[in-house]
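*Asks:* Sequence and predicted structure, then a few things I'm wondering about:
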Amino acid sequence: MKLIDGNKIAADIIAELKADVALLPGRKPCLALIRVGDDPASVSYVKKKEKTAAEIGIISRVILPSVAITQTELFALIDQLNADPDVDGILVQSPLPQPIDELQVFRRIAPCKDVDGLGTMNLGKVAQDDDSGFISCTPAGIMELLARSGVDLKGRHVVVLGRSLLVGKPVALLVLQKKTGANGTVTVCHSQTANLPAITRQADVLIAAIGRAEFVTAAMVKPGAVVIDVGINRVPDAAKKTGYRLTGDVHFPTVAPLARLITPVPGGVGPMTVAMLMKNTLKAYRLTHRGD
Ligand code: NAP
């Protein structure tokens, strides 16, 4: 078994982006980060994004509206950022408090600033094998991890666990694309899938994104498979200062010895998500500064 070191790969990408940003004349790329409420995971994700942006030289503008913000007010804030020429990318941190309709919020972001890639236009471009838009960050990070680990998906059976808009569906579309490194054969599973272990055992590459701590056990994995663990789950642990430990969707101690390559949690897909957000922000900047 070999570990796919997401921290190292993300650090390489961040260093590449830092070098690119240093060469830009004038105003640096700017990312607006909107966080509504105090969900602890969201607080830590936004902090990490802010810190990574600073490291690269990307300006971040963190906006913390009241948890009582209405959908109409949030739309108005997004409209203002859409029209602001000093803002290149906009990210609204999920989850949003009820009754705000998250999908409508993602759709409100101008496609050319939708660096999280969750709006209709950018998701549609992924389905059309069109590279001109923004690929959502976690699926893009998974593809980059595989590419930089020398995994060619051509002809491989890739089983995706989870069908969310954030991870499962877009990663399945990326694996299907007619492109170098992709061209996989995909099975997407979800909570209604029957005989799940029989399907996962067929996977040459297994991508787990279900949000169920240590759900994937050794009995569900083919020896020699590549295992990508997207899950981030907080499991109560009295021995930890925080009172919890982070774990993935894969039972790492028993699956790792079987796998050819595997991502750890933390330190696998998570850092890649942030790195790809920064990459998308630089791309957004370049889209509007072509002549500079
Ligand atoms: P989500 O929106 O809750 O979707 C979960 C998916 O898993 C759904 O499609 C669900 O099926 C399926 N599922 C749930 N239980 C299942 C089961 N027992 N068997 C088979 N399928 C099952 O979650 P998400 O946003 O995709 O996130 C998934 C995990 O990835 C979470 O732990 C999240 O924290 C993590 N995540 C990590 C990153 C990162 O940067 N590393 C980024 C995003 C998410 P149904 O559709 O039938 O309900």
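*Replies:* Good, I have the coordinates. Residues are numbered from 1 along each chain as shown.
*Asks:* so what's the residue positioned nearest the centre of the chain up against?
*Replies:* Geometric centre of the chain, nearest residue: residue 138, 1.5 Å, by Cα atoms, centre = their mean. By Cβ atoms under 8 Å, 6 or more residues apart in numbering, the contact list for residue 138 reads 166, 167, 171, 209, 230, 269, 272, 273, 276. Heads up, the C-betas are built off the backbone N, CA and C, glycines and all.
*Asks:* can stretch 113-126 be found next to the ligand?
*Replies:* No - using Cβ under 6 Å from any ligand atom, we find that stretch 113-126 stays clear of the ligand, coming within 10.7 Å at best.
*Asks:* ends of that stretch, how far apart?
*Replies:* 16 Å (Cα to Cα, to the nearest Å).
*Asks:* hang on, the earlier thing: from the ligand, how far out is the residue nearest to the centre of the chain?
*Replies:* As for residue 138, its distance to the ligand is 4 Å (criterion: Cβ to the nearest ligand atom, to the nearest Å).
*Asks:* switch to numbering from 52
*Replies:* Got it, first residue is 52 now, which makes that one residue 189.
*Asks:* how near is that residue to residue 82?
*Replies:* 17 Å (Cβ to Cβ, to the nearest Å).
*Asks:* What of residue 75?
*Replies:* Applying Cβ to Cβ, the value for residue 75 to residue 82 is 14 Å.
*Asks:* quick one on the thing from earlier: any idea which element the residue nearest to the centre of the chain lies in?
*Replies:* Element membership for residue 189 (DSSP states H and E) is helix 188-199.
*Asks:* which parts of that helix are buried?
*Replies:* Within helix 188-199, the residues that qualify as buried are 188, 189, 190, 191, 192, 193, 194, 195, 196, 197, 199, counting by 16 or more other Cβ atoms under 10 Å.
*Asks:* Can you name the element that comes right after that helix?
*Replies:* Counting by DSSP H and E, what follows helix 188-199 is strand 208-212.
*Asks:* just checking, what packs against the helix or strand immediately after that next one in the chain?
*Replies:* Later in the chain than strand 208-212, the nearest helix or strand by DSSP H and E is helix 219-227. When contacts are defined as 3 or more Cβ pairs under 8 Å, 6 or more residues apart in numbering; DSSP states H and E, helix 219-227 sits against helix 171-178, helix 188-199, strand 208-212, strand 236-240.
*Asks:* Quick one: closest of those to residue 313.
*Replies:* helix 188-199 (11.1 Å; Cβ to Cβ).
*Asks:* mind saving the C-alpha coords of the closest one as PDB?
*Replies:* Taking C-alpha atoms only, helix 188-199 is exported to PDB below (Å, rounded to 0.1, in the frame of the first residue of the first chain):
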ATOM      1  CA  CYS A 188     -13.300  22.000  -6.100                       C
ATOM      2  CA  THR A 189     -13.600  18.600  -4.400                       C
ATOM      3  CA  PRO A 190     -14.200  16.600  -7.600                       C
ATOM      4  CA  ALA A 191     -11.400  18.600  -9.400                       C
ATOM      5  CA  GLY A 192      -9.100  17.800  -6.400                       C
ATOM      6  CA  ILE A 193      -9.900  14.100  -6.700                       C
ATOM      7  CA  MET A 194      -9.000  14.100 -10.400                       C
ATOM      8  CA  GLU A 195      -5.800  16.000  -9.700                       C
ATOM      9  CA  LEU A 196      -4.800  13.700  -6.900                       C
ATOM     10  CA  LEU A 197      -5.300  10.700  -9.200                       C
ATOM     11  CA  ALA A 198      -3.400  12.300 -12.100                       C
ATOM     12  CA  ARG A 199      -0.500  13.400  -9.900                       C
END
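*Asks:* before we move on, the earlier item: can you tell me which of the buried residues of helix 188-199 is closest to the ligand?
*Replies:* residue 189 (4.0 Å; Cβ to the nearest ligand atom).
*Asks:* Quick check: buried residues in the longest helix anywhere in the chain?
*Replies:* Using DSSP state H to define each element, the chain has its longest helix at helix 320-339. Of the residues in helix 320-339, those buried by neighbour count under the rule 16+ other Cβ under 10 Å are 320-336.
*Asks:* ditto for stretch 85-97
*Replies:* 85, 86, 87, 88, 90, 93, 96, 97.
*Asks:* swap in stretch 68-84?
*Replies:* Within stretch 68-84, the residues that count as buried by 16+ other Cβ under 10 Å are 68, 72, 79, 80, 81, 82, 83, 84.
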